[in-house]
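Novice: Below is the sequence, then the predicted model.
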Amino acid sequence: MSVFQSPFRLMASARRMAPVALLGLALLSSCSDDDDEPEVSSPSLPTTITFTQAGLYPEGVQYDAKNSRFLVTSVTTGRLGQVKDDGTYSTAFPDDPKLVSAIGTFLDEPRGRVLVAIADPGTNQERTTTATQGKLARLAIFNQNAPSAAPTIVELGSLRPDLGHFANDVTVDAQGNAYVTDSFSNLIYKVDPQNNATVFFEDAARLGPQAPGTFGFNGIVFHPDGYLLVVKSDEGAIYKVPLNNPAGYAKVTTPQGLSLVGADGLLLQDNTTLQVVTNDQAKVLRLATTDGFASATLSGTFATQPQFPTTLARRDGASYVLYANLDALFAGRTPAVSQYSINRVVFP
């Protein structure tokens with residue numbers, strides 16, 4: 001990576017941007033009615049699925065029950081792939097030159113869409129350019145029911161051309177509107193079902209970009225009560241943004257001493273429970289609320305392997321976290337990592 005790879009190194013040292021979530025990249029806001037993690041009552045579910053693909057560096061993950069597969073993105077190739085329970089990896093949807101780096105993803109099953117946030121961190125040697133590196137925010141929309149069809153590409157960064165851009169995560173509300181976080185500009189875009197894009201949220205005075213390349217807004221989920229929950233990685237804060245009044249946003253109060261710096265993917269387990277992945281802490285935190293996420297308390301911690309966990313997916317009432325090894329990518333370690341895994345989350 002060139003000069004612009006530095007933001008990720010900067011993130012790696014200044015608190016893993018959690019990108020995409022990086023990256024750092026969705027989680028996934030799969031909403032469930034389960035009040036507790038039922039892994040112990042689901043012995044048939046796999047504990048760990050390991051897959052091999054040299055240099056893939058996945059970031060986003062979703063579970064596609066219809067096709068019995070996990071969908072994973074790739075920071076380095078821009079492709080959207082699939083992982084079966086036997087660890088088989090393959091490309092799931094067509095490639096496209098505009099898919100520079102695929103970060104967060106969301107499976108909008110009611111509408112048969114797979115949405116992917118596209119950025120350019122400088123990791124795709126074939127497609128990275130000086131014109132797009134650190135300046136790219138797109139939304140790619142794939143047809144779940146027509147897997148050979150080319151994706152629809154919606155340009156987002158052009159709405160604020162003077163800012164740096166890094167499209168990171170995506171969620172969808174009950175009406176089919178998509179919301180995409182931009183980590184470098186601290187914007188939230190809205191893309192309606194007709195693929196019209198607007199800036200849904202911005203507050204340059206209070207939540208504007210900090211140092212260039214610093215990851216701000218990252219994971220995002222839609223809550224059925226009519227608001228978004230979005231994590232700001234550099235600040236270690238979660239914000240509640242009402243859909244009918246985004247200017248009335250508020251920071252979710254969390255326990256003193258609980259660090260959310262470097263937080264990445266979010267997953268809404270149920271209406272009162274939020275799961276949060278932290279990259280460099282190597283944890284999945286479970287937060288509970290009794291006041292509609294005006295505040296939240298820590299109700300569980302799952303320690304992951306130190307392999308840069310990024311985002312979460314929901315499968316048959318259980319949560320799965322992706323071990324992406326993105327720290328190796330940011331640090332430029334060689335040879336490239338070949339093995340990655342999707343792991344069931346079990347809170348003690």
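Specialist: Nice, thanks for sending it over.
Novice: Residue 268 belongs to a helix, doesn't it?
Specialist: No - applying DSSP: H, G, I helix; E, B strand; the rest coil, one finds residue 268 to be strand, outside a helix.
Novice: all strands of the stretch 201-348 of the chain, in order?
Specialist: For the stretch 201-348 of the chain, the strands defined by DSSP state E, counting those that start in this stretch occupy 217-223, 227-232, 237-242, 250-251, 263-270, 273-278, 283-288, 297-303, 309-315, 318-323, 339-345.
Novice: Between those, which one is closest to residue 111.
Specialist: Across those, residue 111 has its closest neighbour in strand 217-223 (13.7 Å, C-beta to C-beta). Every C-beta, even on glycine, is put in place using the N, C-alpha and C of the backbone.
Novice: quick check: angle from that closest one to strand 237-242?
Specialist: 40 degrees (axes from the mean of the first three to the mean of the last three C-alpha atoms, to 10 degrees).
Novice: strand partners of strand 217-223, parallel vs antiparallel please.
Specialist: strand 227-232 (antiparallel) (DSSP bridges).
Novice: How far off centre is the partner strand?
Specialist: Mean-position distance between strand 227-232 and its chain equals 12 Å (C-alpha atoms, centre = their mean, to the nearest Å).
Novice: CA atoms only: put it into PDB for me.
Specialist: C-alpha atoms of strand 227-232 as PDB (Å, rounded to 0.1, in the frame of the first residue of the first chain):
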ATOM      1  CA  TYR A 227     -33.600   4.400  14.900                       C
ATOM      2  CA  LEU A 228     -30.000   3.500  13.900                       C
ATOM      3  CA  LEU A 229     -27.200   2.500  16.300                       C
ATOM      4  CA  VAL A 230     -23.800   3.300  14.900                       C
ATOM      5  CA  VAL A 231     -20.400   2.900  16.600                       C
ATOM      6  CA  LYS A 232     -17.600   5.600  16.300                       C
END
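Novice: where does the chain have low pLDDT?
Specialist: 1-43 (pLDDT under 70).
Novice: can you do 50?
Specialist: 1-41 (pLDDT under 50).
Novice: now the helices: where do they sit in it?
Specialist: Per DSSP state H, the chain carries helices over the ranges 6-15, 204-207, 326-330.
Novice: Figure out which of the strands of the stretch 201-348 of the chain is closest to residue 63.
Specialist: That would be strand 309-315 among the strands of the stretch 201-348 of the chain, by C-beta to C-beta, at 4.1 Å.
Novice: How about the closest one, which residues are buried there?
Specialist: Residues of strand 309-315 classed as buried by neighbour count (16 or more other C-beta atoms under 10 Å): 309, 310, 311, 312, 313, 314, 315.
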